[in-house]
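[1] this is a predicted model, with the sequence first.
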Amino acid sequence: MDYSEIMVRYGELSTKGKNRKDFIRQLGQNVKAALQEFADLEIHAQHDRLHVALNGTPSGPVIDRLKGVFGIENFSPVLKVEKTKDAMFEAAKTLIEAQYEPGMTFKINTKRQDHQFELDTNQINDQLGGHILRSIPVITVKMKQPDITLRVEVRLNGIFLSSETIHGAGGLPVGTGGRAVMMLSGGIDSPVAAYMGMKRGVKLDMVHFFSPPYTSEQALAKAKELTTKIAGFAGHVQFIAVPFTKVQEDIKEKVPEGYLMTIQRRMMLRLTAAIAQQRGAKGIFTGESLGQVASQTLESMLAINDVTTMPVLRPLVSMDKTEIIKIAEKIDTYDLSILPFEDCCTIFTPPAPKTRPDLEKVRNFEKLIDVDALMAEALAGVTVVNIKPGDHYMNQQEEVFAELL
Ligand code: ATP
Ligand code: MG
């Protein structure tokens with residue numbers, strides 16, 4: 001069907017005044033960024049709705065992109081026809097036929113702005129309803145919770161009809177919640193946590209630690225490839241790669257085995273906080289979930305969190321692995337996350353890390369390494385790439401085979 005526009009309804013817009021303006025302005029920008037590849041669209045963010053005029057662009061791919069934009073409650077593809085009874089009847093029938101299955105119910109919901117139009121609201125409801133009942137034999141009218149609601153708006157510049165309401169991603173437009181950095185590994189959890197952070201409007205940059213030659217090129221490529229998926233919810237995302245080899249080697253050499261993991265994590269968090277500060281970010285997100293592994297007990301969090309006063313946000317804190325996996329599948333990161341390339345933490349994890357590290361001991365053992373020098377060296381080696389949805393950093397099939405051979 002050649003739809004003429006897509007009408008977008010805003011999400012959590014309970015706020016008023018300046019917040020509401022910011023919400024609408026940011027959503028308008030994000031929708032434009034998400035749809036920038038479609039040259040003929042015209043996008044207008046208005047007070048109560050956002051309109052995407054298609055100007056001949058097929059609606060399917062535009063709809064797919066809109067589904068990933070936070071701040072949208074739902075949206076409807078709309079057919080615009082000239083202001084005649086016949087054109088309206090024809091369009092209404094086409095719309096309903098496209099969705100109709102035998103036995104379904106419908107109702108018509110009409111709004112009339114143009115009072116010169118030959119039929120008034122009740123007449124439209126009656127006559128158009130009659131036309132649909134006559135043209136589609138086993139359809140019936142139902143006023144409460146019908147299967148299909150046909151919306152008809154008679155405006156000054158035409159008649160607009162829609163019958164489908166498509167769920168949006170919900171949440172708040174990315175950017176309305178400020179900036180933070182995400183600690184992104186190659187695992188299942190952190191991409192899901194990034195998605196959840198962005199859903200609440202936070203603009204996230206990814207910080208990834210890698211340890212060549214202990215970690216492979218593929219492990220780094222995998223984290224970037226995961227970022228291309230996350231970028232689908234934000235337009236684009238900065239990927240900040242932090243070399244971590246020297247830090248890990250030094251810790252391994254100098255710190256007792258039971259404390260390796262805790263002190264590595266403290267260094268990771270310190271470096272992330274420093275990077276966040278340099279970029280004006282106001283918080284750190286992680287994919288931690290309480291009780292999942294040794295570093296994710298309250299005692300561990302206390303001992304690791306000790307290095308910064310910046311808020312560390314953990315959207316997955318009380319979720320079960322099965323719930324996390326469901327979201328990973330929904331946002332299409334799961335298949336990438338389960339590829340078998342080790343990341344820097346797994347390689348240097350001792351067989352029995354302390355699950356209840358003692359904070360004072362941790363602070364003392366850490367004196368065995370030169371924290372400032374290691375930080376400075378790692379920060380000097382940081383590289384940044386801007387990643388967009390649709391970019392590619394690895395060929396999944398080839399890489400898996402290479403690993404297996
Ligand atoms: P994930 O599935 O996200 O890897 P996990 O269950 O494997 O999480 P951990 O390995 O303990 O748990 O990691 C906890 C969190 O620490 C991760 O969710 C991520 O936020 C951060 N993290 C771990 N490894 C890295 C890394 N190489 N680079 C950046 N952040 C990391
Ligand atoms: Mg992991």
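    Received the coordinates, thanks. Numbers count the residues shown, from 1 in each chain. Ligands and ions are numbered 1, 2, ... in the order given.

[2] how about the helices in the stretch 301-405 of the chain?
    Assigned by DSSP state H, counting those that start in this stretch, the stretch 301-405 of the chain shows helices spanning 321-330, 334-337, 344-347, 359-366, 371-380, 396-404.

[3] return the residues of the stretch 251-400 of the chain in contact with ligand 1.
    By C-beta under 6 Å from any ligand atom, the part of the stretch 251-400 of the chain that sits against ligand 1 consists of 286-288, 292-293, 295-296, 343-345. The way it works is simple: take the backbone N, C-alpha and C, and place the C-beta from them, glycine included.

[4] let's have these in a markdown table, adding pLDDT and neighbour count.
    As requested, these are exported to a markdown table (pLDDT from 0 to 100; neighbours: other C-beta atoms under 10 Å):
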| residue | pLDDT | neighbour count |
| --- | --- | --- |
| 286 | 97 | 27 |
| 287 | 96 | 23 |
| 288 | 95 | 24 |
| 292 | 71 | 17 |
| 293 | 74 | 14 |
| 295 | 69 | 20 |
| 296 | 86 | 20 |
| 343 | 77 | 22 |
| 344 | 74 | 26 |
| 345 | 70 | 21 |
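
[5] so which of these belong to strands?
    Using DSSP state E, no member of those falls in strands.

[6] let me know the outermost residue of the chain.
    residue 118 (46.1 Å; C-alpha atoms, centre = their mean).

[7] before we move on, the earlier item: quick one: closest of the helices of the stretch 301-405 of the chain to ligand 2.
    Of all these, it is helix 344-347 that lies closest to ligand 2, at 6.0 Å by C-beta to the ion.

[8] and residue 297, what is it in contact with?
    Listed by C-beta atoms under 8 Å, 6 or more residues apart in numbering, the contact partners of residue 297 are 290-291, 355-356.

[9] make a PyMOL selection of the buried ones in those residues.
    Here is the PyMOL command that picks out the buried ones among the contacts of residue 297, judged by 16 or more other C-beta atoms under 10 Å:
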select buried, resi 355
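
[10] how about the residue of the stretch 251-400 of the chain found nearest ligand 1, phi and psi?
    Per C-beta to the nearest ligand atom, residue 287 is where the stretch 251-400 of the chain lies closest to ligand 1, at 2.5 Å. Main-chain dihedrals, residue 287, degrees, to the nearest 10: phi -100, psi 20.

[11] which ones are touching it?
    183-185, 187-194, 314, 316.

[12] run the last query once more with 6 Å
    189-190, 193, 316 (C-beta atoms under 6 Å, 6 or more residues apart in numbering).

[13] just give me the neighbour total for residue 103.
    Counted with other C-beta atoms under 10 Å, the neighbours of residue 103 add up to 9.

[14] who does the host helix or strand of residue 263 touch, helix- and strand-wise?
    Taking DSSP states H and E as the criterion, residue 263 maps to helix 257-278. Applying 3 or more C-beta pairs under 6 Å, 6 or more residues apart in numbering; DSSP states H and E, we find helix 257-278 packed against strand 203-210, helix 245-254, helix 298-305, helix 359-366.

[15] buried residues, that helix. List them.
    259-276.

[16] how much space between the residue of the stretch 251-400 of the chain closest to ligand 1 and residue 101?
    For residue 287, the distance to residue 101 equals 42 Å [C-beta to C-beta, to the nearest Å].

[17] now the helix holding residue 263, how far from the chain's geometric center?
    26 Å (C-alpha atoms, centre = their mean, to the nearest Å).

[18] sorry, back to before: not counting its neighbours along the chain, what's nearest the residue farthest from the centre of the chain?
    Once flanking residues are discounted, residue 118 sits nearest to residue 85: 6.6 Å by C-beta to C-beta, 6 or more residues apart in numbering.

[19] need the contact list for residue 262.
    303, 357, 362.

[20] residue 189 now?
    287, 316, 324.

[21] let's see 10 Å
    For residue 189, the contact set (C-beta atoms under 10 Å, 6 or more residues apart in numbering) comprises 286-289, 292, 296, 314-316, 319, 321, 324-325, 327-328, 337.

[22] re earlier: confidence score at the residue nearest to residue 118?
    Each residue has a pLDDT score; the one for residue 85 is 93.

[23] mind checking how far it is from residue 117?
    Counting by C-beta to C-beta, the separation of residue 85 from residue 117 is 9 Å.

[24] common neighbours of these two, please.
    Joint contacts of residue 85 and residue 117 (C-beta under 10 Å, 6+ apart) are 123-124, 159.

[25] next step: those residues restricted to helices.
    123-124 (DSSP state H).
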